[in-house]
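> Quick one: sequence and predicted model below, then my questions.
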Protein chains: 2
Amino acid sequence: MSAVSRTSDDGAVEHRRMRADARGNADALVEAATTVFAEAGVAAPVRTIADRAGVGVGTLYRHFPLRSDLISAVFRRELDACVDAAEEMEAAMPPGEALDAWIMRFTGFVATKQGLAAALHSGDTAYEPLAAAFATRLVPTLERLLSAAIASGDISRRVDAAEFLAAVANLCHGGGPSSRASGREARMVRLLLAGLRSPAD
Amino acid sequence: MSAVSRTSDDGAVEHRRMRADARGNADALVEAATTVFAEAGVAAPVRTIADRAGVGVGTLYRHFPLRSDLISAVFRRELDACVDAAEEMEAAMPPGEALDAWIMRFTGFVATKQGLAAALHSGDTAYEPLAAAFATRLVPTLERLLSAAIASGDISRRVDAAEFLAAVANLCHGGGPSSRASGREARMVRLLLAGLRSPAD
DNA sequence: TCGCGATTCGGAACGACGTTCCGGTTCGGT
DNA sequence: ACCGAACCGGAACGTCGTTCCGAATCGCGA
């Protein structure tokens, strides 16, 4: 474990001690991946991303040896925004509402990422670091929201935060790039939230 | 639409007007696929199935031109059993319990079929006939159960049967071939069911 | 300013996969 | 027993993820 100032803790791009061209390519790759993922989902062919970045596949693999590294780099920013939103919601509304609002926020995040949830639960070991990154940031946030909502009496059931998060993510897989599918997913997520209110058996 | 006696309505094996060797191979393929799907999930390589059946890939594609045809053939029997179970449950218990029991039965069915739900929602058009077959058999069953439970006052929310079914299936994707994952999924499905009891907003 | 070595680049190459295709084989009615 | 139709098997093609290495490039020290 040589300690040479990693910019992120998930194996993504190192921004120090890098040649200028290398860094330029890494940035171009993240940008290209962002576009391609949005258009074709996270399962998009690697070569498509490399081509769009004007770079060979070798270069892509040099910077992101694991497929999950590239995905992490692309979604880390949005993930942070999602976590930050929780703090604002906690401050602005009662626990029960904050919980609902944040879950719906999370739903919106996942629903637009075609194939993200599928990748996370594919069992493919290559995605475990990515799943871990999500869990590290998201699970504590949800735990806080759940605890507060229980303390205030807004919800009556105690559930495992990781389980609940995985469930919500799973609920958002649905029907490819089609447009109005999001309505269906949101309805089912709301149903799940309603379940938290119903008395435990 | 030439009407020459199809044994099933989803494009699977024709059991009439077939040479004896052809039919033997078709049966061997279904049997092999059953084993392989159970061991490695529905995404298992085609060649694995052909090898296990002692047959070339050409033969496999001759009998099942669409991947979904093979999957249909394998799961149709279990699917029928699932539908039949609903009738027994309706006769044996009150509507609310019957609904719960059948949904958990369905959960058990889907949970053991690695990748089935993922395939159904992959957006790949090859799976649309399969999805249609599931919907045709399962949706009316769930609609009946839901209506009865509403009429008896056991549940208070009205939901779309197809949506709910898709949601339950999605909930069961989780974590690959690992063993005790089913507990998590069942818990979340129960939470969804609890949501049906909570008063509509 | 120049040179040289470490670093990075690009794409050819490999293996796995789904799918198509066709020459050879086998069935089964006559 | 014969012959055409139906069927079989696996070679072959295109796509994908991933690895590998000779060639090109950068940037530090002189």
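Looks like it came in fine. Numbering: from 1, shown residues only, chains lettered A, B, ... in the order given.

> where's the residue lying closest to A:Gly115 once chain neighbours are set aside relative to A:Ile71, distance?
Closest residue in space to A:Gly115, ignoring its immediate chain neighbours: A:Gly41 at 3.9 Å, by C-beta to C-beta, 6 or more residues apart in numbering or on different chains. (Glycine included, C-beta is placed from N, CA and C.) Plainly put, A:Gly41 is 11 Å away from A:Ile71 if you go by C-beta to C-beta, to the nearest Å.

> Could you tell me which other helices and strands the helix or strand containing A:Val30 packs against?
Per DSSP states H and E, A:Val30 falls inside helix A:20-40. In terms of contacts (3 or more C-beta pairs under 8 Å, 6 or more residues apart in numbering or on different chains; DSSP states H and E), helix A:20-40 is packed against helix A:46-52, helix A:57-63, helix A:67-92.

> CA atoms of the lowest-mean-pLDDT helix or strand in chain A as CSV?
Least confident helix or strand of chain A, by mean pLDDT, DSSP states H and E, is helix A:116-120 with a mean of 79. The C-alpha coordinates for helix A:116-120 follow below in CSV (Å, rounded to 0.1, in the frame of the first residue of the first chain):
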residue,chain,number,x,y,z
LEU,A,116,-27.1,0.4,-13.3
ALA,A,117,-29.1,-1.6,-10.9
ALA,A,118,-28.9,-4.6,-13.1
ALA,A,119,-25.1,-4.3,-13.1
LEU,A,120,-24.9,-3.9,-9.3
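
> residues in contact with that helix?
Under the criterion C-beta atoms under 8 Å, 6 or more residues apart in numbering or on different chains, residues A:42-43, A:71, A:75, A:110, A:127, A:130-131, A:134, A:169-170, A:172-173, B:118, B:122, B:173 lie in contact with helix A:116-120.

> Swap in 7 Å and give it another go.
A:42, A:110, A:127, A:130-131, A:134, A:169-170, A:172-173, B:118 (C-beta atoms under 7 Å, 6 or more residues apart in numbering or on different chains).

> of all the residues you listed, which comes closest to B:Met104?
Comparing those against B:Met104 with C-beta to C-beta places A:Asn170 closest, at 17.1 Å.

> where does the residue in chain A positioned nearest to DNA strand C sit relative to A:Arg47, distance-wise?
Using C-beta to the nearest atom of the strand, the single residue of chain A nearest to DNA strand C is A:Gly58, 1.9 Å away. According to C-beta to C-beta, A:Gly58 and A:Arg47 sit 11 Å apart.

> Pick out whichever of these two has more residues nearby.
Neighbours per residue (other C-beta atoms under 10 Å in any protein chain shown) separate A:Gly58 from A:Arg47, with A:Arg47 holding more: 11 against 8.

> and the closest residue to that one other than its chain neighbours, how many neighbours?
Sequence neighbours aside, A:Val57 is the residue nearest to A:Arg47 in space, at 5.9 Å (criterion: C-beta to C-beta, 6+ apart). Applying other C-beta under 10 Å, we find 13 residues neighbouring A:Val57.

> now do A:Ser198
Neighbours of A:Ser198 under the rule other C-beta under 10 Å: 18.

> Does the host helix or strand of A:Arg105 reach chain B?
Counting by DSSP H and E, the element that carries A:Arg105 is helix A:95-111. No. Helix A:95-111 lies out of reach of chain B by C-beta under 7 Å from any C-beta of the partner chain, never closer than 10.6 Å.

> so how far is that helix off the chain centroid?
Here helix A:95-111 is found 13 Å from its chain centre; the criterion is C-alpha atoms, centre = their mean, to the nearest Å.

> who does that helix touch, helix- and strand-wise?
helix A:67-92, helix A:128-151, helix A:161-171, helix A:181-197 (3 or more C-beta pairs under 7 Å, 6 or more residues apart in numbering or on different chains; DSSP states H and E).

> and if we set it to 10 Å?
Packed against helix A:95-111, as judged by 3 or more C-beta pairs under 10 Å, 6 or more residues apart in numbering or on different chains; DSSP states H and E, are the following elements: helix A:67-92, helix A:116-120, helix A:128-151, helix A:161-171, helix A:181-197.

> For burial, what's the neighbour tally of A:Leu171?
28.

> That one contacts A:Thr107, correct?
Yes. Using C-beta atoms under 10 Å, A:Leu171 is in contact with A:Thr107, at 7.7 Å.

> between those two, what contacts are shared?
Contact criterion C-beta atoms under 10 Å, 6 or more residues apart in numbering or on different chains; residues shared by A:Leu171 and A:Thr107: A:185-186, A:188-189.

> Among these, which one is most surrounded by other residues?
Going by other C-beta under 10 Å, A:Met188 tops the shared contacts of A:Leu171 and A:Thr107 with 28 neighbours.
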